[in-house]
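Peer 1: give the three-dimensional model of this entry:
(2 chains)
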Number of protein chains: 2
Amino acid sequence: MVNPFEPAKAELVSTPSLVVDVPIVQANLKRLHDYANAHQIHVRPHTKTHKSQLFARMQLDYGASGLTTAKVGEAEVMAQESSDILIAYPVVDPERCRRAAELAKHCTVRVALDSRQGIDALAEYARAIGSTVGVLVDINVGTNRTGVASPRDALALAKRVEQQSPALRLDGIFFYPGHIWNPTQEQVNPLQAIDATLASTIELWGTNGLAAPIVSGGSTPTAYQSHWVRSQTEIRPGTYLFNDMNTARAGFCERSQCAAALVCTVVSNAVPGKAVVDAGTKTLTSDRNVMHPESGHGHVIEYPEAKVVRLSEEHGEIDFKDCESIPRVGERLTIIPNHICPCMNLQQAVYLQSPEGLTTASIDTRGMLT
Amino acid sequence: MVNPFEPAKAELVSTPSLVVDVPIVQANLKRLHDYANAHQIHVRPHTKTHKSQLFARMQLDYGASGLTTAKVGEAEVMAQESSDILIAYPVVDPERCRRAAELAKHCTVRVALDSRQGIDALAEYARAIGSTVGVLVDINVGTNRTGVASPRDALALAKRVEQQSPALRLDGIFFYPGHIWNPTQEQVNPLQAIDATLASTIELWGTNGLAAPIVSGGSTPTAYQSHWVRSQTEIRPGTYLFNDMNTARAGFCERSQCAAALVCTVVSNAVPGKAVVDAGTKTLTSDRNVMHPESGHGHVIEYPEAKVVRLSEEHGEIDFKDCESIPRVGERLTIIPNHICPCMNLQQAVYLQSPEGLTTASIDTRGMLT
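Peer 2: Model (predicted):
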């Protein structure tokens, strides 16, 4: 039983603490950039996963071409690390438009939009402030969350963006394949359909005199299949840096490639067959495993047969009936969470474990309002 | 369609923002204390719900006898508001024991314990520091999370606490009826079984020369049924202050008694039949409704027939197919969350709406480590 988090587990004073193993992070970064370099695709990591300037710097050191954020407040902070920021979110309301336009005075700012209202509102603020904001037109490729329905609808918005020049600059196309988990497990790679949609859109734009120099897509589950989408110029994976039980149970990575885990303490084993640790929904979140919702709330490294069956806010109840023993009160366990992104967002700081010892990283953009 | 959050919704600059209506909070406080006073039961609110010194002060102003916390770090902060703190959590590891014992030098500190290891560890630190920590023996009344199994097991721990005097002081019994939602909806009130278990425990302790001056239990769903547990001296509800869709859909309160809601903005309606707001799992959490998990992620006040069908981290997807219209991009909506406690924990600050206008409250003990 190998537990890469053993040194931190022994050394930490307080639990529950999130520990990140730096050598595993470095290997995950290298793996992705080797792939991206081989296929000449830019990597623009989504910083929602770590919300930390320190990890953003590591990503840039490995060759990231810029950074992605969800919130404008995150963009303002991450602009201290990179002069090329994509806000992968519909910036449509006055407060977001004003701040995005203001930030665009100091660095390259792009946003993803799928509405005329958003285009018009953002243009109004950029014009008033005297900046230019880049726009990627968001097209729905099957996730059914945001994005216009068709190449024709994308063309209509692209024309509208062009009309708002120089307040707005038409930079290309945005998509999010969030509905696809492990494309290699399907008979026909679903990224081929996305490839066709994007090709049609680009062709239609071209016949109307509009170019899409940037085609931004990608997610962690689809990252290593990005070459199926031939027009894609950049990918925006987030989780790849750490991985988690979502990516591991989906077959996208090995458990040994999970770089972040929660060190917690057994606080009770009074109820027969189970033990309770000090990590509940306020630490692990209540996110179920996407592909295997029945698998419980994470993976206990020391007891691989155990199952985290129920969480309340500060209690994690673990069923040990398939294990040879139940841990004693006070014993420390290490849990790989289902979904690392919201877990990071719950921490004030995380521990970094490396051969040089234990340090901390602050979660700089945690809990930003807008 | 009455929306008590309308003034804040119009006035707020940024979304998503959590707004608390102060008059509704005051009515909720008065309602509980009227009941508790009529039945001569102390109220020791669980501050996990609000994590804010401001709301703790309101609770104390209405007659709370002390405060409850889950974490030792929360206890250290809440001790600035009350000199009588219960840490309703197994304090068993060195860091928690040391800090709880240290805090007990300055105010009354009690903890709930269900293990010999916990009793011995806490006693060791209290002895070294020279303080006395009060102990409530945790007995499992059916929640099957923590707590010893029987009155006899509770007696064994009570004796062990007594042996650790003066480092520890046996103060009574602790239980948590977290498995009971609306006791009045069942044929036989399940609190009667708890009443019997506690009576047996107290009798057994009595024949062994041990007293239980404090019997601490209660939750928000059982709060107004507390008189069924005749030996109970105090209750520890948390959610009652704000209520949420968990308590509303369980029939424990009216929707008009929900004092906290998220004001959010429609950022997209490009996908037919739905709109997307800027409140996802990093705002609303992924907690499902306890009694009605199929009901979606909260209640949209402006569109009561709408359903918050899917959340990702910063996107809340709302299905409007049962509504007459779909909101426009930029429109603001107000969502009452399923579970208010973890939502508060995600905020840096919340807005307070009162007839005097809009102010803010900081979430002081948000995201405490231990």
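Peer 1: hey, where'd the strands end up in the stretch 101-250 of chain A?
Peer 2: In chain order, the stretch 101-250 of chain A shows strands spanning A:108-113, A:133-138, A:168-174, A:214-217, A:234-235, with DSSP state E, counting those that start in this stretch as the criterion.
Peer 1: in a markdown table: those strands, plus mean pLDDT.
Peer 2: Compiled in a markdown table, the strands of the stretch 101-250 of chain A are given as follows (pLDDT from 0 to 100):
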| stretch | mean pLDDT |
| --- | --- |
| strand A:108-113 | 98 |
| strand A:133-138 | 98 |
| strand A:168-174 | 98 |
| strand A:214-217 | 98 |
| strand A:234-235 | 98 |
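Peer 1: for chain B, which of the ones you listed is the nearest?
Peer 2: Closest to chain B of the strands of the stretch 101-250 of chain A is strand A:133-138 (CB to the nearest CB; 7.5 Å). Quick note: C-beta positions are derived from backbone N, CA and C, even for glycine.
Peer 1: the closest one and chain B, any residue contact?
Peer 2: Yes - applying CB under 8 Å from any CB of the partner chain, one finds strand A:133-138 in contact with chain B at A:D138.
Peer 1: for the stretch 151-300 of chain A, which residues are neighbours of chain B?
Peer 2: The stretch 151-300 of chain A has residues A:153, A:178, A:265, A:267-272, A:274, A:276, A:278, A:281-282, A:285-288 near chain B, with proximity defined as CB under 8 Å from any CB.
Peer 1: so which of the residues you listed are in strands?
Peer 2: When these are checked against strands (DSSP state E), the matches are A:T265, A:V267, A:S268, A:K274, A:V276.
Peer 1: correct me, but the first one touches A:G330?
Peer 2: Yes - the criterion here is CB atoms under 8 Å, and A:T265 meets it with A:G330 at 6.6 Å.
Peer 1: shared neighbours of these two, which are they?
Peer 2: B:V92, B:D93 (CB atoms under 8 Å, 6 or more residues apart in numbering or on different chains).
Peer 1: looking at those two now, which is surrounded by more residues?
Peer 2: Using other CB atoms under 10 Å in any protein chain shown as the criterion, A:T265 and A:G330 rank with A:T265 on top: 26 against 17.
Peer 1: bridged to that one, which residues?
Peer 2: According to DSSP bridges, A:R332 are recorded as the beta-bridge partners of A:T265.
Peer 1: per-residue confidence for it?
Peer 2: pLDDT, the model's per-residue confidence, is 98 for A:T265.
Peer 1: which stretches of the stretch 151-300 of chain A aren't confidently modelled?
Peer 2: Across the stretch 151-300 of chain A, not a single residue meets the criterion (pLDDT under 70).
Peer 1: quick check, central residue of chain A?
Peer 2: A:G238 (2.9 Å; CA atoms, centre = their mean).
Peer 1: so what's that residue up against?
Peer 2: Contacts here follow CB under 8 Å, 6+ apart; on that basis A:G238 touches A:P45, A:H46, A:T47, A:K48, A:T49, A:H50, A:T68, A:S219, A:T220, A:C341.
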